[in-house]
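What follows is a protein structure lacking sequence information:
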C-alpha cells in the first residue's frame, strides 16, 4: 500500500469483524484445540492449561455468537455439554496452517510463547 492512500472502508469493516471474532487471548487456542473434534468443557479447559473457567466460558460464548463454535447440550444426568467447530471455523483451516508454518519459521525469537 502506498502512502496517502485511503483504505477501502469495506475492507476495513471486514477486517474489524474478523479481528473481533478471533481477537482475545484465548480464542485462537480454543479453536486450535477443537480442530480435532468435539470436546467437553473440562477436557477443553485442561487442554488449554492456565485458562480460568470464567474466561473459557466467556470466550466460548463469544465464539458461539460469532458462529465459530457449536455448543451441544445432551439430555443426560448429569448434563453433558460438548463444543465443536462450525463449518465457518473449519474454513479457517488454511489460515491456521499458515500460522503454524509461520510459527515454525519465525517464532519464538528471544521471547516466550
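That came in fine, so what should we check first? On a predicted model such as this, the values are computed, not experimentally measured, just so you know.

For residue 71, what is the enclosing helix or strand?
strand 69-74 (DSSP states H and E).

Which helix or strand lies directly C-terminal to that strand?
strand 80-85.

buried ones in the helix or strand where residue 11 lies?
Using DSSP H and E, residue 11 maps to helix 9-22. Going by neighbour count (16 or more other C-beta atoms under 10 Å), the buried part of helix 9-22 is 21, 22. All C-beta atoms are positioned from the backbone trio N, CA, C, and that covers glycine.

what residues does that helix touch?
27, 28, 31, 63, 66, 68 (C-beta atoms under 8 Å, 6 or more residues apart in numbering).

Next, the buried residues of the strand holding residue 71.
69, 70.

thinking again about what came up before, now do the helix holding residue 11, average pLDDT.
Mean pLDDT, helix 9-22: 81.

For the chain, give me the ranges with low pLDDT.
1-4, 109-113 (pLDDT under 70).

one more time with 80
Where the chain drops to pLDDT under 80, the residues are 1-6, 14, 19-21, 108-113.

sorry, back to before: by contact count, what packs against the strand holding residue 71?
Strand 69-74 sits against helix 53-65, strand 80-85, with contacts defined as 3 or more C-beta pairs under 8 Å, 6 or more residues apart in numbering; DSSP states H and E.

possible to save those as TSV with distance to residue 94?
Converted to TSV, these look like this (distance: least, C-beta to C-beta, whole Å):
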stretch	distance to residue 94
helix 53-65	19
strand 80-85	14
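
just so I know, which of the ones you listed lies nearest residue 105?
Proximity to residue 105 (C-beta to C-beta) singles out strand 80-85 among the helices and strands packed on strand 69-74, at 25.5 Å.

neighbours of the residue nearest to residue 33 when sequence neighbours are not counted, just the number please.
Take residue 33 and drop its neighbours on the chain: the residue closest to it by C-beta to C-beta, 6 or more residues apart in numbering is residue 47, 4.8 Å away. Using other C-beta atoms under 10 Å, residue 47 has 15 other residues around it.
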